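Trainee: heads up, no residue letters with this:
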């Protein structure tokens, strides 16, 4: 097969996404050709579809950066892999290997980094070109419908277990019951915290999902839950909502000397004072993406069942039904849509 259907974001205007036939990509010496088994729909895919994103996009581009599949072909210099291997891929498709950040393993923060689905062609198609350095093996018993969600799990793990101070028994509030918010809550529970996820009235269905992870779901004001243990507020607030204004809520809910970890994107300016950040002596921590050791730990958790993504998967759609999958996720009817190439 020389061409395949692909979900392409072709322009910056709202709704500029369609199915196009694209050629099978040519691979370089250090790449593999990956035949995609499943690809998750990310909130960032929806943001590019609705044109309310805040990052540069290299149009036209195939969407999709949460994916796994089988190796179909190897570049000449690729060692340690063979056709048929079951793998998932990290998102840092292009990095400057000589940058100080890359040399210390923080290539996710390299200013030259370009990711699948916005910087280079992603995986919402049958074949995708992947640098071999991005690959991770997955065990045979882990189905691709779950394995393809290693990436959002790694975002959550990096935000909670790496970039946040968290101890067993602490109270953690997660703002935003989207995929990342729910997975952040799940990781916080694995760390031994008491966790509540906060959403809006239209999020009630998603807040029911968080209960499957042993977390509490709260609609609206979470002040009473935040101060219940010590009268001071939550030890950690994870801002996983896609709006800037939620940082104001986080500052209200966090205890003095607590921490806010912001993992959700929001392109709008804040429009409020950060004085509470100073007055409360609060640590404000950003968290972006992930790196190799995070992926290995997450794959272990997925493989042994400690972290189960099944509760968030709302269905699997063929690539050609991408719009239905996007709509169901955008409306909040499902937490996570998964696509399958045809």
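Mentor: Sure, I can see it. Everything numeric here is computed off the predicted structure, so don't read it as measured data.
Trainee: ranges for the helices of this protein?
Mentor: 43-50, 100-103, 144-147, 150-157, 179-190, 204-210, 223-227, 246-253, 275-279, 292-304, 322-330 (DSSP state H).
Trainee: Which residue, neighbours along the chain excluded, lies closest to residue 86?
Mentor: Leaving out its chain neighbours, the residue that sits closest to residue 86 by CB to CB, 6 or more residues apart in numbering is residue 138, at 5.2 Å. All C-beta spots, glycine's among them, are computed from the backbone N, C-alpha and C.
Trainee: Repeat that for residue 62.
Mentor: Using CB to CB, 6+ apart, the closest residue to residue 62 is residue 121 (4.1 Å).
Trainee: any weak-confidence spans in this structure?
Mentor: 1 (pLDDT under 70).
Trainee: Break it down into its domains, please.
Mentor: Domain assignment of the chain by automatic domain parsing yields the ranges 3-149+309-340, 156-286.
Trainee: The residue nearest to residue 86 reaches residue 89, doesn't it?
Mentor: No - assessed by CB atoms under 8 Å, residue 138 is found out of contact with residue 89, at 10.6 Å.
Trainee: And the residue nearest in space to the middle of the chain, how close does it get to residue 172?
Mentor: Ranked by distance to the mean C-alpha position of the chain (CA atoms, centre = their mean), the top residue is residue 152 at 2.9 Å. Distance, residue 152 to residue 172, using CB to CB, to the nearest Å: 18 Å.
Trainee: do residue 248 as well
Mentor: 19 Å.
Trainee: Dihedrals phi and psi, the residue in the chain sticking out farthest from the centre?
Mentor: Centroid-distance maximum for the chain: residue 231 at 32.9 Å, with CA atoms, centre = their mean. Main-chain dihedrals, residue 231, degrees, to the nearest 10: phi 70, psi 10.
Trainee: where's it relative to residue 246, distance?
Mentor: 23 Å.
Trainee: Could you do residue 334 as well?
Mentor: 22 Å.
Trainee: and what of residue 117?
Mentor: 24 Å.
Trainee: Which one of the two is surrounded by more residues?
Mentor: residue 117 (28 against 20; other CB atoms under 10 Å).
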